[in-house]
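In: Requesting a structural model of the entry that follows:
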Amino acid sequence: MIKAVLFDMDGVLFNSMPYHAEAWHKAMKQHQMTLSKEEAYMHEGRTGASTINIVFQRELGRNATQEEIEQIYSDKSTLFNSYSEAQVMDGTPEVLAKVKASGLIPFIVTGSGQASLLDRLEHNFPNTFSQERMVTAFDVKHGKPNPEPYLMALEKGNLQANEAIVIENAPLGVESGVAAGIFTIAVNTGPLDDNALLNAGADMLFPSMQALADYWEKLMDILRQR
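Out: I've put the predicted structure just below:
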């Protein structure tokens, strides 16, 4: 019996990934590093430190120092916060309404530590995501694609893997949910090819959050029959 829905944040709740990708690209360029906007989408879900270290290993053959990580992530956050406010993803309010109507508990499991978005959750989704039902970059040692973020959410909710579903938009997030043993739904809200999400192991794929909202009742019927 499904009891909870574990939502990623960027690209699922907020249409924020274009801003993240642009900010990562520009921040790395400021530090004479190369991270394309396209590659930023592929790293979505990692902690900031992990993303920075991948670039450092590739270009300098070493991990970044803690000081370098803090400076680059600060620059990235400053750039991100300079952009227009990311809008709620079309269809997300409908999905959340149906989650609540189904009696399911919503969680957030995000690799982000972006305070400007985390602080908006209560404003945009009032009485939906409580602090004890959130896993962020500040909570985990290993970010996505490691299963730790989703395993931590299961532990916080006293849930078994077969009592939850994951909603993700990124290949690494899909890998994380699948590795945790949870039924994982991919929603392709970005520029990635569908195969990037299917090859990561997604159990189902939707082209948008609105499409997921429209299919919700049938989805619940399918999951009850599993």
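In: where in the protein is pLDDT low?
Out: Low-confidence segments of the chain (pLDDT under 70): 113-117.
In: Show me where it has its helices.
Out: 17-30, 37-42, 48-60, 66-82, 92-101, 115-118, 121-124, 148-156, 171-179, 194-198, 209-224 (DSSP state H).
In: which of these is buried the deepest?
Out: Mean neighbours per residue, mean count of other Cβ atoms under 10 Å, is largest over these for helix 171-179, with a mean of 26. Glycine gets a C-beta too; all of them are placed from N, C-alpha and C.
In: Could you find the closest non-adjacent residue to Gly181?
Out: Nearest residue to Gly181, sequence neighbours excluded (Cβ to Cβ, 6 or more residues apart in numbering): Ala161, at 3.8 Å.
In: Val88 too?
Out: Asn124 (5.5 Å).
In: Met9: which of the helices of the chain is closest?
Out: helix 115-118 (6.4 Å; Cβ to Cβ).
In: Contact partners for the residue lying closest to Asn63 once chain neighbours are set aside?
Out: In space, Asn63 comes closest to Asn53 once its chain neighbours are excluded; the distance is 4.7 Å by Cβ to Cβ, 6+ apart. Neighbouring residues of Asn53 by Cβ atoms under 8 Å, 6 or more residues apart in numbering: 63-64, 69.
In: got TSV for those, with distance to Gly177 too?
Out: Shown next, in TSV, are the contacts of Asn53 (distance: Cβ to Cβ, whole Å):
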residue	distance to Gly177
Asn63	27
Ala64	28
Ile69	26
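In: Can you tell me which of these comes closest to Phe7?
Out: Ile69 (26.7 Å).
In: how far away is Gly91 from Leu104?
Out: Gly91 sits 17 Å away from Leu104, going by Cβ to Cβ, to the nearest Å.
In: whoops, I mixed them up, Ala97
Out: Distance from Ala97 to Leu104, by Cβ to Cβ: 11 Å.
In: same check, this time on Gln32
Out: Gln32 is 47 Å from Leu104, by Cβ to Cβ.
In: Please say which of these two ends up with more neighbours.
Out: Leu104 (18 against 8; other Cβ atoms under 10 Å).
In: and the more buried one, backbone torsions?
Out: Main-chain torsions, Leu104, degrees, to the nearest 10: phi -90, psi 150.
In: check contacts around the residue lying closest to Ile105 once chain neighbours are set aside.
Out: For Ile105, ignoring the flanking residues on the chain, the nearest one in space by Cβ to Cβ, 6+ apart is Ala4 at 4.3 Å. Shown in contact with Ala4 (Cβ under 8 Å, 6+ apart): 104-107, 153, 157, 159, 163-165.
In: ok, now Thr51?
Out: Neighbouring residues of Thr51 by Cβ under 8 Å, 6+ apart: 24, 35, 40, 43.
In: Of the residues you listed, which is the nearest to Asp119?
Out: Trp24 (20.5 Å).
In: Contacts only, for the nearest residue in space to the closest one that is not next to it in sequence.
Out: Nearest residue to Trp24 in three dimensions, chain neighbours excluded: Ala40, at 4.3 Å (Cβ to Cβ, 6+ apart). The contact partners of Ala40, by Cβ under 8 Å, 6+ apart, come to 20-21, 24-25, 51.
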